[in-house]
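Participant: let me see the structure of the following:
(one chain, ligands or ions: 2)
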Amino acid sequence: MLLKINQLTKSYKINREEKFPALKGVDLEFNKGEMIAVIGESGSGKSTLMNVLGGLDKDYQGKVLFKGKDLKGLKEKELDKYRKNQVGFIFQSFNLIPHLSVLDNITIAMTLSNIGKEERTKRAKEILKEVGLEDQMKKKPNQLSGGQKQRVAIARALINDPEIILADEPTGSLDSETSAQIMKIIEKIADQGKLVIIVTHSERVAKNCNRIVEIADGLIIKDQKNNDSRVLPSEKKSEKGKQNLSFMSAIGLSFKNMREKLTRNILVALGASIGITSVIIMLSIGNGVEKYITNTMNEFVNPLVVEVNKKSQTTDTTTQNPGSIMMAATTPFTDEEIAELAQVKDVKEVEKAYAKTSYNSFSIQLGEEKKAFQSLATLSKNVTSENITEGDMPKAGEILISASLNEQYAESLIGQEVILNTEVGGKKLEGTYVVSGLFGEISSMMSNINIVYLNYGDLESMAVEAGAVIEPNTVYLSTDKESKVQGIKDTIKEMGYEGSIQEQLLEMFTEMLSVMTYILSAIAAISLVVSAIMILVVLYISVVERTKEIGVLKAIGARRKDIKRIFVAEAFLIGLVSGLIGILVAVLLMLGINFLTNKLYEVDLVVISVYYALFGLGVSIVISVLAGLYPAAKGARLDPVESLRRE
Ligand code: ADP
Ligand code: MG
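Facilitator: Numbers count the residues shown, from 1 in each chain. Ligands and ions are numbered 1, 2, ... in the order given. This is a model prediction of the structure:
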């Protein structure tokens, strides 16, 4: 006995109180090789019976025994397997999946069992030959006639070599000639030893069967053998298809579906990519700026040296005018203060220096050409030969000038004798010096402040000549490792001192940038949330649109997990594409922004690293998949019988 049902009753809930009894206690037994016609008026319960037999409907009372095993007792996983491997469903309305080719429609049940493509195709070809469709493999369902569609559906039902074929009015939508052809094929199936149960209204179809069961109002009213019984032994089935839908196959299936709605999916991915672009750009600007700051600082000063200045009491260092900060470094250090600085942890050497900034009283004169500069400073470890872009370090009687100052003269000042005019403590100082070299890049952020370096001794003797006194107002602290520098900088700030002018400028600059970063991250966060919602909605719509397809997939044995996987795969694909678009747009933006900042400052403001791109891609995929979980779960929960009834 292959299939046996015992006191089967089934009622549909109409609303909260009322129930409609569709089956009222049915007893039936079916054997291998039987071909049974189930007849009865419309609404008598035929489809209800088929759904229970096929394991699609679990909500019934009574027993359904397959090879002696009660379907009620099966775990969900086992019931899925029963549908996948033991039962083949054929519907009146074919229920082919429209975006899949004939071949894919047939092999989908094998794909659900993770059987390799080669084997799938081989088996599909065999079966297509059986149903006479071997030359239609590549067509989509809507390119086939009704009879051809039903043959595809039969092929699909046969692909996993089930023992039971359930056909619910398989010829109901076909003309009589096509019906006859379809019936021939179904008869052949029964001859192979399978149990075939056909619901039909057609006398002709019923006559072809060897047993007729008539059902009325949920009860069997007739059960008779038609012609000589043809119980045939079926060959032993090999236990195959143990595995389940692989994630790669799910991706493949999703890809085929998404291709059908390409525009929609690309638009969603585009929308979702905005957030990803913001994330990547945000990270990359931070990166570019940090690189720029370190480079600029190192270009001007020795990275192992920390400049210390006293806070000025007379000028307001909080104003945005950089000039007021410049004026800060004028208060001299006392000997006690210098001794104190020498005690700071990790400081290896202390150097006194003098620096002064002025916007009108400093100049350098070459012949008739006289140009102003803004900052005068004595040499220290702060400036090394690394910082010199042309020429040499100045010896006594020589000076070093910034490249941008040199640029202002008609010819290069290197090696030339110039007159240096400065002012200290209200006294004018003048001296003749040879320019030994240049430092700094011409067009960098710092280049609007022109600096002249000279040796401390030279400045002192100029001052003595003019009757002025030079007191050190800048102290340089040297250390031996770059990793110790930040600690020293922090300590001197705690002690109430300030860093170099450049550092103070950069601090301001960094502050501005962090505001920008906040804005960018807000944009990124908002757009990520928006894209998550967008993906959720689109996938939700996709689930609704594909309800029938989900029903079909479940009927041929897809587990909840498989359905979930198909939609998660779809979310994954959207995430992948939007991530890639995000990276592409970020790179284009980077090229555009850097083109501008290069023109202005010779600097790359946005520096995208592979890690940021990968991070963006990862974020995109994770968000999409998370957003896809809910619609996927929704799809997985759909009731197969109801889904199939959906038009
Ligand atoms: P048949 O296939 O023989 O035409 P069905 O098995 O589809 O009949 O339906 C049997 C009875 O159950 C019908 O009266 C039908 O109206 C009712 N029925 C079927 N599905 C539902 C449902 N989901 N909710 C309520 N009643 C249903
Ligand atoms: Mg029906």
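Participant: close to ligand 1: what parts of the chain are there?
Facilitator: 12, 14, 20, 22, 40, 42, 43, 44, 45, 46, 47, 48 (Cβ under 6 Å from any ligand atom). C-beta here means a position set from N, CA and C on the backbone, and glycine is covered the same way.
Participant: the residue in the stretch 401-550 of the chain positioned nearest to ligand 1: how many residues sit nearby?
Facilitator: Of all residues in the stretch 401-550 of the chain, residue 547 sits closest to ligand 1, at 14.4 Å by Cβ to the nearest ligand atom. Neighbours of residue 547 under the rule other Cβ atoms under 10 Å: 18.
Participant: residue contacts, it?
Facilitator: 638, 643, 646 (Cβ atoms under 8 Å, 6 or more residues apart in numbering).
Participant: least confident secondary structure element in this protein?
Facilitator: helix 322-326 (a mean of 41; mean pLDDT, DSSP states H and E).
Participant: show me which of the residues of the chain next to ligand 1 are buried.
Facilitator: Taking 16 or more other Cβ atoms under 10 Å as the criterion, what is buried in the residues of the chain next to ligand 1 is 22, 40, 44, 45, 46, 47, 48.
Participant: pLDDT weak spots in the stretch 201-350 of the chain?
Facilitator: 227-242, 298-300, 312-330 (pLDDT under 70).
Participant: list phi and psi for the residue of the stretch 401-550 of the chain closest to ligand 1.
Facilitator: Dihedral pair for residue 547: phi -50, psi -50, per degrees, to the nearest 10.
Participant: now do it against residue 3, distance only.
Facilitator: Per Cβ to Cβ, to the nearest Å, residue 547 is found 29 Å from residue 3.
Participant: need the max-distance pair from the residues of the chain next to ligand 1.
Facilitator: Checked with Cβ to Cβ, the residues of the chain next to ligand 1 reach their widest spread between 14 and 40, with 21.0 Å between them.
Participant: so who does residue 416 touch?
Facilitator: 366, 434, 435.
Participant: can you say which of those residues are buried?
Facilitator: Among the contacts of residue 416, the ones that count as buried (16+ other Cβ under 10 Å) are 366, 435.
Participant: from the contacts of residue 416, which land in strands?
Facilitator: 366, 434, 435 (DSSP state E).
Participant: redo those residues as CSV? Include pLDDT and distance to residue 421.
Facilitator: CSV is the format used below for the ones in strands among the contacts of residue 416 (pLDDT from 0 to 100; distance: Cβ to Cβ, whole Å):
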residue, pLDDT, distance to residue 421
366, 90, 12
434, 94, 16
435, 93, 15
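Participant: show me which of those is closest to residue 186.
Facilitator: residue 435 (102.4 Å).
Participant: so what's that closest one bridging to?
Facilitator: residue 399 (DSSP bridges).
Participant: can you tell me how far it is from residue 391?
Facilitator: Separation of residue 435 from residue 391 (Cβ to Cβ): 7 Å.
Participant: return every residue with contacts to both of these two.
Facilitator: Joint contacts of residue 435 and residue 391 (Cβ under 8 Å, 6+ apart) are 400, 414, 415.
Participant: of these, buried ones?
Facilitator: residue 400.
Participant: and the shared contacts of residue 435 and residue 391 as JSON lines, adding pLDDT?
Facilitator: What follows is these, written out as JSON lines (pLDDT from 0 to 100):
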{"residue": "400", "pLDDT": "92"}
{"residue": "414", "pLDDT": "90"}
{"residue": "415", "pLDDT": "92"}
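Participant: ok, now which ones touch residue 185?
Facilitator: Contacts of residue 185 by Cβ under 8 Å, 6+ apart are 130, 131, 132, 151, 154.
Participant: burial of the second one, as a residue count?
Facilitator: Burial measure for residue 131: 23 neighbouring residues, criterion other Cβ under 10 Å.
Participant: give me the element the closest residue to it other than its chain neighbours is part of.
Facilitator: Once flanking residues are discounted, residue 131 sits nearest to residue 151: 4.1 Å by Cβ to Cβ, 6 or more residues apart in numbering. Element membership for residue 151 (DSSP states H and E) is helix 146-158.
Participant: now for the longest helix along the chain, which elements pack on it?
Facilitator: For the chain, the helix that runs over the most residues, judged by DSSP state H, is helix 501-545. Helix 501-545 sits against helix 262-300, helix 322-326, helix 560-601, helix 610-637, with contacts defined as 3 or more Cβ pairs under 8 Å, 6 or more residues apart in numbering; DSSP states H and E.
Participant: one more pass at 10 Å, please.
Facilitator: helix 247-260, helix 262-300, strand 305-310, helix 322-326, helix 547-555, helix 560-601, helix 610-637 (3 or more Cβ pairs under 10 Å, 6 or more residues apart in numbering; DSSP states H and E).
Participant: could you identify the helix or strand that succeeds the fourth one?
Facilitator: Yep, that's helix 322-326 we're talking about. Counting by DSSP H and E, what follows helix 322-326 is helix 335-342.
Participant: same check on the last one?
Facilitator: As assigned by DSSP H and E, the chain's next helix or strand after helix 610-637 is helix 640-645.
Participant: residue 45 is in contact with residue 22, correct?
Facilitator: Yes - contact criterion Cβ atoms under 10 Å: residue 22 and residue 45 qualify, at 4.7 Å.
Participant: joint contacts of those two?
Facilitator: Common neighbours of residue 22 and residue 45, using Cβ atoms under 10 Å, 6 or more residues apart in numbering, are 10, 52, 217, 218.
Participant: nearest to ligand 1, of those?
Facilitator: Nearest to ligand 1, judged by Cβ to the nearest ligand atom, of the shared contacts of residue 22 and residue 45 is residue 218 at 7.3 Å.
Participant: and stretch 533-545, what's buried?
Facilitator: 534, 535, 536, 538, 539, 540, 542, 543.
Participant: and stretch 185-196, by the same measure?
Facilitator: 185, 186, 189, 190, 193, 194, 195, 196.
Participant: also stretch 125-137?
Facilitator: Those would be 127, 128, 130, 131, 133, 136, 137, for stretch 125-137 by 16+ other Cβ under 10 Å.
Participant: can you lay out these as TSV showing distance to residue 503, secondary structure and pLDDT?
Facilitator: Formatted as TSV, the buried residues of stretch 125-137 follow (distance: Cβ to Cβ, whole Å; DSSP: H, G, I helix; E, B strand; the rest coil; pLDDT from 0 to 100):
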residue	distance to residue 503	secondary structure	pLDDT
127	78	helix	90
128	77	helix	91
130	83	helix	86
131	81	coil	88
133	79	coil	89
136	76	coil	90
137	73	coil	90
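Participant: between these, which is nearest ligand 1?
Facilitator: residue 131 (25.0 Å).
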